[in-house]
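> Quick one: sequence and predicted model below, then my questions.
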Amino acid sequence: MLQGAVLALLATPILSAAQNQGNALTLGGGANVTPRYSGSDKSRVTTALVLDYTMANGFFVSSTRGIGYGNNIGKFDYNAALSYRSGRKDHDVDSDSLSDGSDYLRGMGDVKGSALGVLGLGYGVTDWLNLQFQAEVPFSERNNGAALHFGINSPLYTSPNDTVTLALTGSWGTDKYMQTYYGVSASQSAASRFTRYDAGSGIYAWSMNLDWTHKFDEDWSVVAAAGVTQLTGDARNSPIVQRKASPTGSLLVTYRF
C-alpha cells in the first residue's frame, strides 16, 4: 500500500547521503501516523524503526527499502530490491503490528502480506525536478496483485543543514490488486456488512507529501513529514472506504555511523 511508498520517500535524503560517502549504517526510530487501512476514517500511530546499511558499491539492506542494489548513471538512477507489503486484518491491530486492520472490516477476512520484487527508476530533469517510477510485483500471495507508483519529487529548499522536499505521486493497481484491497467478493459480502463490489484495474490514489530533514551534525538527523492521500476511481467508490482523503505523518530521529 501507500505506507511503504511514504517510508521510502522519508528515507531518501538520509540514505542517498550515506551512499555518496561510502559504507554507512543508519539507525533510528520514531512514529508514523497512517489510516487503519486504506479508506479507513480512523488513524493509528505505529512505531517506526530504521535500520539501513548502505555500501559504497550500491548494495543495501534496509528496513524501509528491503534488500537490493541501487546506483546512478549521470542524471538517471535505478534500484532493485526484495521487499515486503504488509497485510490487512479484519480487526483492530496494535501499534507494533506489521499489518493494517480495523474492526469495521469484520467478516472480510485477512489479507496476507506479500514478498515483493521492487524496481525503482528516477531521472533528474533539473536541479529542482525529479521524475520517479516504482513497480512492485508480489512473489508470494500473488493474488494480491501488482502496483505501480509514478510522480515527481522537488527539493523546495536546500541548505547545509536542512532539506525540504515536495513529492506528488499517483498509484495504479492491477485487477487483482484492486479486488484484494478495495473489492468485496460474494463470500465476503455474505460474511460482512458490505455489498458485493468488483474493483477493476486503474489509478486508485493520488498523494502529496512534504518532508523536512534537519542535520544536527554529520551523524544526527531528524526527518519530519506530512501528507495526504486521495483515493480515486474504483477505490474511491468501494463500500469499504469510509474516508476518501486521509492524512499521513511521520517523525524519525536517525544516527549514521
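Received it, and whenever you're ready, just let me know what you need.

> Residue 208 is in contact with residue 228, isn't it?
Yes - between residue 208 and residue 228 there is a contact under C-beta atoms under 8 Å: 5.7 Å. C-beta here means a position set from N, CA and C on the backbone, and glycine is covered the same way.

> residue boundaries of the strands in the stretch 101-250 of the chain?
Remark: strands assigned in the stretch 101-250 of the chain by DSSP state E, counting those that start in this stretch are 114-126, 129-138, 147-158, 162-173, 202-215, 220-231, 245-256.

> among the ones you listed, which is nearest residue 238?
When the strands of the stretch 101-250 of the chain are compared by C-beta to C-beta, strand 220-231 sits nearest residue 238, at 8.0 Å.

> now what about stretch 227-243, what contacts it?
Contacts to stretch 227-243, defined as C-beta atoms under 8 Å, 6 or more residues apart in numbering, come from residues 2, 6, 35, 38-41, 104-105, 108, 173, 178, 181-184, 194-195, 197, 199-200, 202-210, 244-249.

> Which among those count as buried?
The neighbour count (16 or more other C-beta atoms under 10 Å) marks 2, 6, 35, 38-40, 104-105, 108, 173, 178, 181-184, 194, 197, 199, 203-207, 209, 244, 246, 248-249 as buried among those.

> Export the strands of the stretch 101-250 of the chain as TSV, with columns for distance to residue 68 and mean pLDDT.
Listed next are the strands of the stretch 101-250 of the chain as TSV, based on distance: least, C-beta to C-beta, whole Å; pLDDT from 0 to 100:
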stretch	distance to residue 68	mean pLDDT
strand 114-126	7	96
strand 129-138	12	97
strand 147-158	16	96
strand 162-173	20	97
strand 202-215	22	97
strand 220-231	21	97
strand 245-256	19	97
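
> Which one of those strands lies nearest to residue 94?
strand 245-256 (18.3 Å).

> hey, C-alpha coordinates of that closest one in CSV?
C-alpha atoms of strand 245-256 as CSV (Å, rounded to 0.1, in the frame of the first residue of the first chain):
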residue,chain,number,x,y,z
ALA,A,245,-8.9,11.6,1.7
SER,A,246,-6.6,10.5,4.6
PRO,A,247,-3.7,12.4,6.3
THR,A,248,-0.4,10.8,7.0
GLY,A,249,2.6,11.8,9.0
SER,A,250,6.0,10.7,10.4
LEU,A,251,8.7,11.8,12.7
LEU,A,252,12.1,10.0,12.8
VAL,A,253,15.4,10.6,14.5
THR,A,254,18.4,8.9,13.0
TYR,A,255,22.1,8.4,13.7
ARG,A,256,24.6,7.5,11.0
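
> on contacts alone, who are the packing partners of it?
Applying 3 or more C-beta pairs under 8 Å, 6 or more residues apart in numbering; DSSP states H and E, one finds that strand 245-256 contacts helix 2-20, strand 24-35, strand 43-54, strand 202-215, strand 220-231.

> Go through the strands of the stretch 101-250 of the chain and name the closest to residue 24.
Per C-beta to C-beta, nearest to residue 24 of the strands of the stretch 101-250 of the chain: strand 245-256, 5.5 Å.
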